[in-house]
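Asks: kindly generate the corresponding structure for this input.
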Amino acid sequence: MAYAAAVDFEDTPELASFRAEVRAFLDEHAALRRGDGSDWSRNGAATDPEVAADFRRRCVAWQRLLFEQGWAGLAWPERFGGRGLSAAHQIVFNQELAAYDATAGFLTAAQALVGPTLMVHGSAEQQQRYLTPLLSGEESWCQLFSEPGAGSDLAALATRAVRDGDEWVVNGQKVWTSSAQHADFGILIARTDPDAPKHAGLTYFIVDMRSPGIEVRPLVQAQGVAHFNEVFLSDVRIPADHVVGDVDEGWKVTRTTLRSESSMISGAGQASNFEAVLATARRCGRTDDPLVRQELARVATNERVLRWMGWRNQTAVMTGRRELALHGSLLKNFFTRALSHRVDLAVALEGPEGMLWLDAEGEGFWQYQCLNQFASRIGGGTEEVHRNNLGEQALGLPREPSTDREVPWNQTVRS
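Replies: Below is the predicted model of the structure:
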């Protein structure tokens, strides 16, 4: 029997032509990454408010350029403002973009989460109103899902929405909401039937973040930035036509959003790559240490494994062999494990300098990355949740024991 190669990432003639077209566009409109502090695309984690504001402005400008030049939403259907190309075309574009000092930053996540959800579950009016401004970068979004008592067990959420005529009145609290202080709109899950089991009786809403009763409180992290927020909703009124999907069927809509999230996190571009770790080892005179060289080899190996994982998924997309696609939880957990090792090693390489912050010779870059690793390790579901996903969905192991799955939500024990 002939052996079918697991990975085949050679471009077809069509994709090779498209890749050349992408490079020509990027060469005209962006500079190659230099891998140092002069790259504006690495400033998404900037602690200086002016630098952070400039980063957001540049992200919006870049997304607007992509939209106007026909490079935004390559795989989105044409009726939704995209080009109607294949996922393979988007993969090629992302591969080429990784070498350039350009990014849509925080807008990319919203497009990946909100776009597919509205395309599948949104009404025609919602699609017409929101998808084009989302794709152009004119409007930004946040995700109002997690709560103080409902993180990994999202279905335990307690935010309530009560129908009042043509509106819903929402009360509750959300937390760990990325970029809520800059968002125009949010996707919100709230409980509309407390008598139903926790996965039922949920409804998915679009909420205007400028609505009366919404209070956003930035959460200042250890690095001194406020990427996350807690959001309080007090008698917030949401029009009935802002429900996405059916009332009390919000968990089905939510699953569409969540499916995009783990793969999005695992595919995120990183400024803290092997070359950056190696440069730090050379700067600190540590490359002759055999133990250090062994750990550097591990960083390089992890990076290569991630690349091959990406190529395998690329093969699945380009050849239609869906059985080759890797589970999103596997990608997410390997990515975060490799990230944790990489940034911890870099800080250790700096020795006593690693205990400093902005006074460090490396300008605190690795100190920031080390603390920031937990955003990826927790965001989109903890590593433990994703291990459960792999056990149940990939290995066919029994479901995690649960005593409240079929119990009405208002009878469950909650934190």
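Asks: beyond the longest helix along the chain, next helix or strand please.
Replies: The helix that spans the most residues within the chain, counting by DSSP state H, is helix 290-319. The element immediately downstream of helix 290-319 (helix or strand, assigned by DSSP states H and E) is helix 328-349.
Asks: in that following helix, what's buried?
Replies: By 16 or more other CB atoms under 10 Å, the buried positions in helix 328-349 come out as 328-336, 338-347, 349. (Each C-beta comes from the backbone N, C-alpha and C, glycine too.)
Asks: what angle do that helix and helix 290-319 make?
Replies: Helix 328-349 runs at 150 degrees relative to helix 290-319, counting by axes from the mean of the first three to the mean of the last three CA atoms, to 10 degrees.
Asks: mean confidence for helix 328-349?
Replies: Per-residue pLDDT values over helix 328-349 give a mean of 92.
Asks: what's the spacing between residue 332 and residue 234?
Replies: Distance of residue 332 to residue 234, computed by CB to CB, to the nearest Å: 34 Å.
Asks: now swap in residue 350 and tell me
Replies: Going from residue 350 to residue 234 by CB to CB gives 46 Å.
Asks: compare these two (neighbour count), which wins?
Replies: A direct count of neighbours by other CB atoms under 10 Å for residue 350 and residue 234 places residue 350 higher, at 20 against 13.
Asks: so that one sits against residue 286, correct?
Replies: No - at 9.0 Å, residue 350 does not count as touching residue 286 under the criterion of CB atoms under 8 Å.
Asks: buried ones in stretch 146-160?
Replies: For stretch 146-160, a neighbour-count test (16+ other CB under 10 Å) marks 146-147, 150-151, 154-159 as buried.
Asks: what about it, how long is it end to end?
Replies: Using CA to CA, to the nearest Å, the span of stretch 146-160 from its first residue to its last is 14 Å.
Asks: contacts for it, please.
Replies: With CB atoms under 8 Å, 6 or more residues apart in numbering as the test, stretch 146-160 has contacts from 145, 170-177, 188-192, 194, 198-199, 202, 233, 251, 254, 258, 381-382, 384-385, 409, 412, 414-415.
Asks: give me the ChimeraX select line for those, limited to the buried ones.
Replies: ChimeraX command restricting those to the buried ones, with burial defined by 16+ other CB under 10 Å:
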select :145,170,171,172,173,174,175,176,177,188,189,190,191,192,198,199,202,233,251,254,258,381,385,409
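Asks: out of the contacts of stretch 146-160, which sit inside helices?
Replies: Per DSSP H, helices hold the following members of the contacts of stretch 146-160: 251, 254, 258, 384-385.
Asks: after the lowest-mean-pLDDT helix or strand in the chain, which helix or strand is next?
Replies: Between all helices and strands in the chain, the lowest mean by mean pLDDT, DSSP states H and E belongs to helix 250-266, at a mean of 76. Note on helix 250-266: by DSSP H and E, the next helix or strand toward the C-terminus is helix 274-283.
Asks: got the angle for that next one vs helix 290-319?
Replies: Calculated by the same axes, to 10 degrees, helix 274-283 forms an angle of 170 degrees with helix 290-319.
Asks: state the mean pLDDT of helix 274-283.
Replies: Helix 274-283 carries an average pLDDT of 91.
Asks: can you offset everything so residue one is 52?
Replies: In the new count, where the first residue is 52, that last one comes out as helix 325-334.
Asks: still on that earlier bit, show me what the longest helix of the chain is packed up against.
Replies: Using 3 or more CB pairs under 8 Å, 6 or more residues apart in numbering; DSSP states H and E, the elements in contact with helix 341-370 are helix 138-148, helix 325-334, helix 379-400.
Asks: could I get these as a markdown table with distance to residue 273?
Replies: Compiled in a markdown table, the helices and strands packed on helix 341-370 are given as follows (distance: least, CB to CB, whole Å):
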| stretch | distance to residue 273 |
| --- | --- |
| helix 138-148 | 30 |
| helix 325-334 | 21 |
| helix 379-400 | 13 |
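Asks: and the ones you listed: which comes nearest residue 177?
Replies: Closest of the helices and strands packed on helix 341-370 to residue 177 is helix 138-148, at 23.3 Å (criterion: CB to CB).
Asks: tell me which residues of the closest one are tucked away?
Replies: 139-144, 147-148.
Asks: and the furthest pair within the residues you listed?
Replies: 139 and 148 (15.0 Å).
Asks: now the strands for the stretch 52-201 of the chain?
Replies: Using DSSP state E, counting those that start in this stretch, the strands of the stretch 52-201 of the chain run over 192-195.
Asks: quick one on the thing from earlier: of the buried residues of helix 138-148, which is the nearest to residue 444?
Replies: Of those, the one sitting nearest to residue 444 (CB to CB) turns out to be residue 142, at 23.5 Å.
Asks: what's the closest non-adjacent residue to the closest one?
Replies: Excluding the flanking residues, the one nearest residue 142 by CB to CB, 6 or more residues apart in numbering is residue 365, at 5.3 Å.
Asks: around residue 73, how many other residues sit close by?
Replies: A count of nearby residues for residue 73, using other CB under 10 Å, gives 20.
Asks: could you report the pLDDT at it?
Replies: You'll see residue 73 listed with a pLDDT of 97.
Asks: how about low-confidence regions in the stretch 352-466 of the chain?
Replies: 368-369, 409-413, 466 (pLDDT under 70).
Asks: what about 80?
Replies: Residue ranges of the stretch 352-466 of the chain with pLDDT under 80: 362, 364-373, 408-414, 430-432, 451, 453, 455, 464-466.
Asks: ok, and what's touching stretch 157-173?
Replies: Identification of contacts with stretch 157-173 by CB under 8 Å, 6+ apart yields 95, 107, 110-111, 114, 124, 127-128, 131, 155, 177-178, 181-182, 185-186, 188, 191-194, 229-230, 233-234, 238, 255, 295-296, 303-304, 307-308, 311-312, 315.
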